[in-house]
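Enquirer: Only the shape, not the letters, is given here:
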Ligand SMILES: C[S@@+](CC[C@H](N)C(=O)[O-])C[C@H]1O[C@@H](n2cnc3c(N)ncnc32)[C@H](O)[C@@H]1O
């Protein structure tokens, strides 16, 4: 591992901590009940899906290119956005996560998680209750996802020098549980936000979902990943410093019975902001 002044850099230590990340376990911990219980209003995943649905249907977002930064092995975060953008680019740092996403696009029967209940829930939010609605939404998402790319939010060019983003930038970014989960402190978080902000056109929107006060999460059995336990005021200052105007910040305290023992999050936040 490379060293600066004899020390492994913070970015490299973080990258090393992700090497044992297990998409199957991560999906099991976070995307099955009780965290993904569609019969409960206070379950985390339905709450996130409602936040995203509202953000993408308010009339101020929608155009050509939506980029999801740090997708992980999940798709829920683009189920609303895929209806209002012509192109969706997914991205993750790890091969194993990009492979999981590609499986859903190409061989869904080999996926580690059945996304049908998630698709059903978003269709219901959209008022689409017909028997073909879920299949139509899945087809729409497969049609608009143009790439599943490697990304590194600690690089000034997170998608590399030859990314397919238009020169003026993407119209919208979504990024869930990524920046705080790959940063050790506020400075690193703010720099990572600046790096991904460079992918966005002026006047474009950013939607962020993440955890407040979380110091670690499990990325698999025995894979403990340190997290920067960011607070709401720090999120706001970081956005301001990077030229974003906050439109909405919502906080969902973690219901006690959804502490599944795989992280120590206090709450989940949702942010909608606009690049000036
Ligand atoms: C907590 S997971 C979030 C996954 C997904 N977005 C979700 O909502 O569940 C954090 C993700 O950050 C990715 N990651 C790790 N290092 C990264 C880096 N330097 N740049 C971008 N993403 C990174 C990991 O591979 C992992 O998929």
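Expert: Here it is on my side, so go on. Everything numeric here is computed off the predicted structure, so don't read it as measured data.

Enquirer: hmm, who's touching stretch 184-195?
Expert: Contact partners of stretch 184-195, identified using C-beta atoms under 8 Å, 6 or more residues apart in numbering, comprise 10-11, 13-14, 153-158, 179-180, 182-183, 226, 228, 230, 234, 238-239, 241-242. Every C-beta, even on glycine, is put in place using the N, C-alpha and C of the backbone.

Enquirer: From those residues, keep the buried residues only.
Expert: Listed as buried from these are 11, 14, 153-154, 158, 179-180, 182-183, 226, 228, 230, 234, 238-239, 242; burial here means 16 or more other C-beta atoms under 10 Å.

Enquirer: ok, and of these, which contact the ligand?
Expert: 153, 154, 182 (C-beta under 6 Å from any ligand atom).

Enquirer: counting contacts, what elements does the helix or strand containing residue 27 pack onto?
Expert: Assessed by DSSP states H and E, residue 27 sits inside helix 23-30. Contacts defined by 3 or more C-beta pairs under 8 Å, 6 or more residues apart in numbering; DSSP states H and E place helix 23-30 against helix 95-106, strand 216-218.

Enquirer: and the angle from the following helix or strand past it to helix 23-30?
Expert: Using DSSP H and E, the helix or strand that directly follows helix 23-30 along the chain is helix 44-56. Interaxial angle of helix 44-56 relative to helix 23-30 (axes from the mean of the first three to the mean of the last three C-alpha atoms, to 10 degrees): 90 degrees.

Enquirer: contacting residues around helix 44-56?
Expert: 30-31, 35-38, 40-41, 61-62, 76-77, 79-81, 83-84, 118, 121-122, 125-126, 174, 176, 205, 207, 209, 248, 250, 252, 254-255, 258, 268, 270, 272.

Enquirer: Find me the pLDDT at the closest residue to residue 276 other than its chain neighbours, would you?
Expert: Spatial nearest neighbour of residue 276, chain neighbours left out: residue 243 (4.9 Å); criterion: C-beta to C-beta, 6 or more residues apart in numbering. We have a pLDDT of 97 for residue 243.

Enquirer: Can you name the residue of the stretch 101-250 of the chain nearest the ligand?
Expert: Residue nearest to the ligand within the stretch 101-250 of the chain: residue 176 (3.4 Å; C-beta to the nearest ligand atom).

Enquirer: same deal with the chain?
Expert: For the chain, C-beta to the nearest ligand atom, closest residue to the ligand: residue 72, 2.4 Å.

Enquirer: where does the closest residue to that residue other than its chain neighbours land on pLDDT?
Expert: Closest residue to residue 72 apart from its sequence neighbours, by C-beta to C-beta, 6+ apart: residue 97 at 5.1 Å. Residue 97 carries a pLDDT value of 98.

Enquirer: quick one: residue 97 and residue 75 touch, right?
Expert: No: between residue 97 and residue 75 there is no contact under C-beta atoms under 8 Å: 11.2 Å.

Enquirer: more neighbours, these two?
Expert: It is residue 75, of residue 97 and residue 75, that has more neighbours when counted by other C-beta atoms under 10 Å, with 25 against 22.

Enquirer: How many residues are close by the residue nearest to the more buried one when sequence neighbours are not counted?
Expert: Leaving out its chain neighbours, the residue that sits closest to residue 75 by C-beta to C-beta, 6+ apart is residue 115, at 5.6 Å. Residue crowding around residue 115 was assessed by other C-beta under 10 Å; the count is 21.

Enquirer: From what I see, residue 115 and residue 105 are in contact.
Expert: No: assessed by C-beta under 8 Å, residue 115 is found out of contact with residue 105, at 11.4 Å.

Enquirer: give me every residue that touches the residue nearest to residue 213 when sequence neighbours are not counted.
Expert: Among residues not flanking residue 213 along the chain, residue 266 sits closest, at 3.6 Å (C-beta to C-beta, 6+ apart). Applying C-beta under 8 Å, 6+ apart to residue 266 gives the contacts 211, 212, 213, 214, 253, 254.

Enquirer: Where strands are concerned, which of those count?
Expert: Per DSSP state E, strands hold the following members of the contacts of residue 266: 211, 212, 253.
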